[in-house]
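A.B. asks: task: produce atomic coordinates for the following.
(chains A, B, C and D)
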Amino acid sequence: MRRIKKLVVATAALFSSLTVVSPSVVQAEAPVDGAGSTWSQIAVDQWRADVARQGLVINFQGVGSTAGRAAYYQGQVDFAVSEIPFQAALIDRNGNVAADETASAASRPYAYLPIVAGGTAFMYNLKANGQKITDLQLSPTTLGKIFSGQIVMWNDPAIVADNPQRVMPATRIKPVIRSDGSGTSAQFTAYLASQAPDAWNYVCQQSGLGGGCDPTSLYPDYPNSGFAAQQYSDGVANFVAAPYNEGAITYVEYGYAKERGFPVASVKNASGAYTQPVAVNVTVALLGARINDDGTQVLSGVYSNSDARAYPVSSYSYMIVPISEASPFSAAKGPTLSEFIYYFLCAGQQKAEQLGYAPLPKNLVEYGFTAVAKIPGAVAAPAIDSCANPTITGDFLVSKTAATTAPGATTAPGATTAPGKTPGATLAPGVTTTVVLGSETTESEASTDGATAEGAPIDAAVSTPGVAMATSVVVEESGAGTSVFVYLLIMIAILLIVFAPPIIAARRHPSVKI
Amino acid sequence: MTTTLNTTPNNNETKIDTEERIKIRDIEMIDVIVMVGSALSAFALSYFFFQILLPVSGALGFFVCWYVFFNIISTVAVWELRGAIKAKDHLARMFIWTGGLAAVIPLILVVAYVIGKGYHSLRPQFFTQDQKFVGALSDSTEGGGSHAIVGTLQQVGIASLISVPLGITTAVYLNEVKGRLTRPLRMIIDAMSAVPSIVAGLFIYAAWILALGNQQTGFAGALALAVLFLPTVTRTSEVVLRLVPGGLREASLALGGTEWRTTSRVVLPTAKSGLVTAVILGVARVIGETAPLILTVGGAFVMNANPLSGKQDALPYFVFRLIRFPQEAQVQRAWTGALVLVIIVLVLFVIARAIGGRGPDNISRLKKRRLKRKGLA
Amino acid sequence: MSVFGQSAPSDVADVSASEQVVHPVVRRSGIDRIFRAIATSSGIITFILMGLIGGFLLLKGYDALKVAGWGFLTDSEWAPDQGGKFGIAAILPFTVQIAVVALFIAVPVALCTALFITEYAPRKIRRILTAMIDLLAAVPSLIYGLWGLFYLQPRLITLSKWMADHMGWVPFFHVDDKYGTSLGIFPSSTFVSGVIVSLMVIPICTAVMREVFSQAPPGEREGAMALGGTRWGVVRDVVLPFGRGGIIGGSMLGLGRALGETIAVTLIISPAFTAKWSILDQGSNSIAALIALKFSESSTFGISALMAAGLALFIITLLVNAAASTVVSKSRSGASTEI
Amino acid sequence: MTSIDTATTTTNKTSSDIGLLDPGHKAAGLTANNVACWFGAKKVLEGVNLDMAPGQVTALIGPSGCGKSTFLRTLNRMHELVPSATLAGEILIDGVDIYRGAIPVTDVRRRIGMVFQKPNPFPAMTVAENVLAGLKLSGLKTTRSERDALIESCLTKAGLWNEVKNRLGDPGRALSGGQQQRLCIARSLAVSPQVLLMDEPCSALDPTSTRRIEQTISEISETVTVVIVTHNMQQAQRVSHRCAFFLAAENEPGRIIEEGPTKDIFSNPRDERTNDYVNGRFG
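C.D. replies: Okay, here's the model as predicted:
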């Protein structure tokens, strides 16, 4: 008993000593908490780190859109980020109202504003005669047929028709969907429901939801669909990237495919051109977004954007901000929140491309400014012309146009490149990966200095993608002999440090038992 | 012994033993020869068969083949030499050795894997800095996880402060005191052990945060962990308390000891090493839990050393969050976090075993010193 | 676990007080009353706390159960938020399958490891091994999941394929080769997740079994030795019979962990909603993983449905443990008068 | 390697090896030459030379802590089960060294049986199974009728048959303490040991049971050499043919002070300390 007491005391002492040692944090301004979309998390996380240097403390956790919205109306966070707005009453099977988010949220008045824009990419793992296929092209209906399980082979006539430039292999299609609730699923199903309604109805009916079901963040699966379901963006991306999963295709944020050095399909837009989900194409597409009076989005204009550059499966997520001082928000937090919003709407958008997203176009930024004004305690918005958003000040859309205007050009020039080359980077020079790790050449560019807010440097060197391949999380760790040796050494050292004392002690004091 | 005899002077310590002590040979030469011979012939046989059968590919398959043949051949050899009973003993020995080592192999692989993934960005500042200025685009060596380390230690510490005393006293209730609740309590604790950890988080979120109007704090996370901790520690403690021979209790009571003294001075010290195991299993259960924390601690990027107010981070949550980023730098940071978590666990357990892990008849050096101070030894 | 009917110390005290007239007055000393009060109130607090969680599951799950009715047990889809059907007809069998695969691997290995530590290992190795098994228990399940996903699964599926090809006559290993037995159909299976979960179960079982085996009475051990018993003879005739309760208790503790394991299973499986015998091919499910995957994007009603699933798991565990405890209660507990 | 033959011959057993079924079975003599024992660095026994003649009962007497039990345990290699225990010298059974020779340790223990201070029947086994436990443990194959005969003869030898013949299916623990001890003796006899070591077998028993066990000892001593440790002087006088007196001075290892025919030790001891001890003046 005494020994146990001692153990407890010792542990308590250990914890408290750690507490004392830890540096106390001086917080300049009232911290603001947010939660929600995992889809937007990568960008929000970077912006949060950027503004921390200005003394703004933002905490954002990607717990999922619905959980984020719930945390908002339950008064746990100051703001939420979500792919879809608050949902009106859900009706269950017996016709009862099962949940009514809008009613729940009524106690905390809110406004929507756009936060992160991006395209949903279709990452695939496909080989023909041992060569990686990198120039896959898909039309909306074909996409729908693939992700509804209506076509099962890669040499299906529908796919062949989209890809006249090459012979498709007789490989089985393995559509990979998200098993968890996700904004990516929500955005993709919204696109399917709008652009490939037949396929979407098929999925709905097969999975017992009735025809014409609503877009959903939980992708419907049905028995013998042939789908593989994996959790989270990295899960689906890793699954597709696994060498034994040839024939797999998934919908995922562009960044995950890029990081793994895997190609993504070019999707046919309203003008008939096949485009890649690179930043400029997404931003161009989003110029077609229309916003309702309540701040919710209408994306049909995006899907049917007739600009040849537009990537049709583009969308943006909402930030839900409080417009009253209901707890936990207060006017004291207004400046922090509003300055954070101004940062990410303007200068922060310069990093969007690097992060795998696309900058918000001017129309959405302007809408965002009007929404910020409703936040209690918000500071005044800067003039729209001084906003450092690359689509406003910079020549983002213009400079990229040259590289990507012609429909033919967007569809992967280095089509059948050797595996060492990454088509994602070759096909759109503007999208070089400056965040590739372990590559010394790019380290300096991956700056976190938010104040200077440099734009994404246009680095045409194709050397980095090679590195991306080597470090990509393709099932096995990099087999460099020295590193294996080093970590074995470290492991042995740790084991020695831990186990040597008791052994030595035991040797010195052999227990005597009579 | 009250002897009045002449005894030789007390010079025992200085005397040198000259006798040659008998070496107890567990293994004889013939056994070694049998083993080596079996190993070699198994190698030859599997080499031969491997070319034809090829059930499993690669070195692993060869090893499996060899191992099966080795066991068969050596068992037959021992049978011939020593009879059936020895052969059975030999087979059981091989089997148990294999099983014992089989449990270690995955540990080595897992730990090696985590080290291999995590050592790149393991720098001292990982223990001193937080993630305040670190985003997805930062280099993996920037920033650190000190906020998450402090959070995890505090949450697990508070959870143990709640659960260990409560769990052990509950086990004492179940085993020593007993009452009308014993049976239902035992049943419900058994059932609780399989409740998914996320339910604990949802429960604390619904009951402590939403219903009672608290915010997400490290303490709320600790409560969720405590809910998970409690069944494990109670069940394991109960198993070890039940092993304390009843004769000891009777002996203590017969000496006029009160129930309290019997329990605190006889039962618990006897079960000490088992209780430490119980606590270790409990800590092991909760220290890596992510799911219950997502809803309860809220997560943070900056140091918050106050578990009672404000959102806090935790190492598993840190890992869980960062590993899903597309950026390699974040993924590396996550693996480093995982490595640190494993190291922390290792250190904590070694401390726990060192303080209280030995058997009851092993008097620790600490206790010896205490006894010496009291003049008892 | 077990309820053993042997003399408890409290009873002994009562008897000595009332019948043998050693102490003339039946009265516990003050400190004993406080001790009993504290122990009892701990029991009550734990009971209330655990009961609250059970009640919480019931309360939260009630809305969904009301809507689903018996369909909750017979439906295998899971679409509560889309107004569809939902039920555990497929998820529960998968959950049990994973746990069974895990225990199938873990219990023999844990038994061997515990015996190895207490009976076979040289003394020096013993402590190291104990520490390593502790460590195995403490590796976060997230790390197991990731390691399993990246390291083990690619290697394991070759074994899956081999088993499917050569042992397909066993119903569990039979794989419908509609898609051909390429490696691609074997990842994310019940088998793979069961193997990963078994790694988490092994140390728990081992720790409990080790504790029990080490308490095997030395007198009986020596008795067996003195009869010329081999080490295995001692284990078979003394240690294992003595430790039966611990083996079952440890396995039950492991079963709890296996049924409730969340993150690792979530990372591995590809959720399926059609029950099947085969454990090798892609597609499996688990209630814990279902909750983890769905809760963040579920409405209040969806969460209610998830809690109902959690309740089902709670009840299953309750039943299995009750069955196990009757077995254990028949075995020999340590609380006899032997020292 | 020279003695592999011995090893094989001693281990290839059949049911005919079982002494009580085998009329050719013979008690064996034990010889201890200059035995010394240590626990860790502590020497507890030194310079022990003792002959335990076949078919005789040798009693080891002496005060507590003088190394009697330790010595007894060296005689069938139970000593080495204690971690850190070591020993020197040699112990011969019928002239064969049990430590250095080629007899496997399990055979040593089968040939030199042991009964402990506290009865330790296997609780998971019935009375009959307990008797046969040694056969099971040493892998001796028997037919059903042999087994039945063995159970009866062993239990009869141990003086237990009449008490338990109707309770053979009860668990071993269901018997009383004295019965349990006799069951343990029967269990030891079932593997036909040539020597039986008894470590204070009656210390936990009532006088009636003690008497019963003493009878048993004298009955079996014709076929089995018995070495018994006892604190009971009368018992030593009653059952033993020879006697060895052990003594350890403070902080000194124990040694044999005097050894000889029981009669001499008790009536005419050579050493004054022996005289003091056997007459109850100390210890």
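A.B. asks: pretty sure residue C:79 contacts residue C:86?
C.D. replies: Yes. Using Cβ atoms under 8 Å, residue C:79 makes contact with residue C:86 at a distance of 6.0 Å. From N, CA and C alone the C-beta is placed, and that goes for glycine too.
A.B. asks: for chain A, what are the nearby residues on the stretch 1-150 of chain B?
C.D. replies: Neighbours of chain A within the stretch 1-150 of chain B, by Cβ under 8 Å from any Cβ of the partner chain: B:108, B:111-113, B:115-117, B:119, B:128, B:131-140, B:142, B:146, B:149-150.
A.B. asks: show me which of these are buried.
C.D. replies: The neighbour count (16 or more other Cβ atoms under 10 Å in any protein chain shown) marks B:111-113, B:115-117, B:119, B:131-140, B:142, B:146, B:149-150 as buried among the residues of the stretch 1-150 of chain B next to chain A.
A.B. asks: can you tell me which of those are in helices?
C.D. replies: Members of these lying in helices (criterion: DSSP state H): B:111-113, B:115-117, B:146, B:149-150.
A.B. asks: how many other residues sit next to the closest residue to chain A within the stretch 101-250 of chain C?
C.D. replies: Nearest to chain A in the stretch 101-250 of chain C, going by Cβ to the nearest Cβ, is residue C:183, at a distance of 4.0 Å. Residues near residue C:183, counting by other Cβ atoms under 10 Å in any protein chain shown, number 16.
A.B. asks: out of everything not next to it in sequence, what's closest to it?
C.D. replies: residue A:244 (4.0 Å; Cβ to Cβ, 6 or more residues apart in numbering or on different chains).
A.B. asks: okay, and that neighbour sits in which element?
C.D. replies: Assigned by DSSP states H and E, residue A:244 belongs to no helix or strand.
A.B. asks: for the residue nearest the centre of chain D, give me its contacts.
C.D. replies: Residue closest to the average C-alpha location in chain D (Cα atoms, centre = their mean): residue D:197, at 0.7 Å. By Cβ atoms under 8 Å, 6 or more residues apart in numbering or on different chains, the contact set of residue D:197 is C:226, D:72, D:75-76, D:112-115, D:226-228.
A.B. asks: doesn't it lie inside a strand?
C.D. replies: Yes. Counting by DSSP: H, G, I helix; E, B strand; the rest coil, residue D:197 falls inside a strand.
A.B. asks: bridged to it, which residues?
C.D. replies: Beta-bridge partners of residue D:197, counted by DSSP bridges, are residue D:114, residue D:227.
A.B. asks: what's the distance between it and residue D:114?
C.D. replies: 4 Å (Cβ to Cβ, to the nearest Å).
A.B. asks: spit out the residues that contact these two alike.
C.D. replies: Listed as contacting both residue D:197 and residue D:114 by Cβ under 8 Å, 6+ apart are C:226, D:72, D:76.
A.B. asks: about what we covered before: quick one: the residue nearest to residue C:183 and residue C:188 touch, right?
C.D. replies: No. With contacts counted by Cβ under 8 Å, residue A:244 stays clear of residue C:188, the gap being 11.2 Å.
A.B. asks: of those two, who's got more company?
C.D. replies: Remark: of residue A:244 and residue C:188, residue C:188 carries more neighbours, 28 against 19, as counted by other Cβ under 10 Å.
A.B. asks: hmm, residue C:266 and the more buried one touching each other?
C.D. replies: No. Taking contacts as Cβ under 8 Å, residue C:188 lies outside contact range of residue C:266: 11.1 Å.
A.B. asks: tell me the contacts of residue B:86?
C.D. replies: Residues in contact with residue B:86, defined by Cβ under 8 Å, 6+ apart, are B:78-79, C:230, D:11, D:104, D:106, D:139.
A.B. asks: element containing it?
C.D. replies: For residue B:86, the element it lies in under DSSP H and E is helix B:84-118.
A.B. asks: can you check residue C:193 too?
C.D. replies: If you go by DSSP H and E, residue C:193 is part of helix C:190-213.
A.B. asks: where does the prediction get shaky in the chain?
C.D. replies: Reading this off chain A. Where chain A drops to pLDDT under 70, the residues are A:1-29, A:89-99, A:211-212, A:394-395, A:398-514.
A.B. asks: hm, I was asking about chain D
C.D. replies: For chain D, the stretches with pLDDT under 70 are D:1-25, D:282-283.
A.B. asks: quick check: residues of it near chain A?
C.D. replies: Along chain D, the residues adjacent to chain A under the rule Cβ under 8 Å from any Cβ are D:39-42, D:44, D:82-84.
A.B. asks: for chain D, which residue gets nearest to chain A?
C.D. replies: The nearest approach of chain D to chain A comes at residue D:40, 4.4 Å away (Cβ to the nearest Cβ).
A.B. asks: can you count the residues close to residue C:72?
C.D. replies: As a burial measure, residue C:72 scores 22 neighbours (other Cβ under 10 Å).
A.B. asks: no no, residue D:141
C.D. replies: Residues near residue D:141, counting by other Cβ under 10 Å, number 10.
A.B. asks: ditto for the one 4 residues further on
C.D. replies: Residue D:145 is flanked by 8 other residues according to other Cβ under 10 Å.
A.B. asks: on the three-state scheme, it is what?
C.D. replies: Per three-state DSSP, residue D:145 ends up helix.
A.B. asks: show me the helices in chain D, by range?
C.D. replies: D:4-11, D:68-75, D:105-111, D:127-137, D:144-157, D:161-164, D:177-190, D:207-220, D:233-239, D:262-267, D:272-278.
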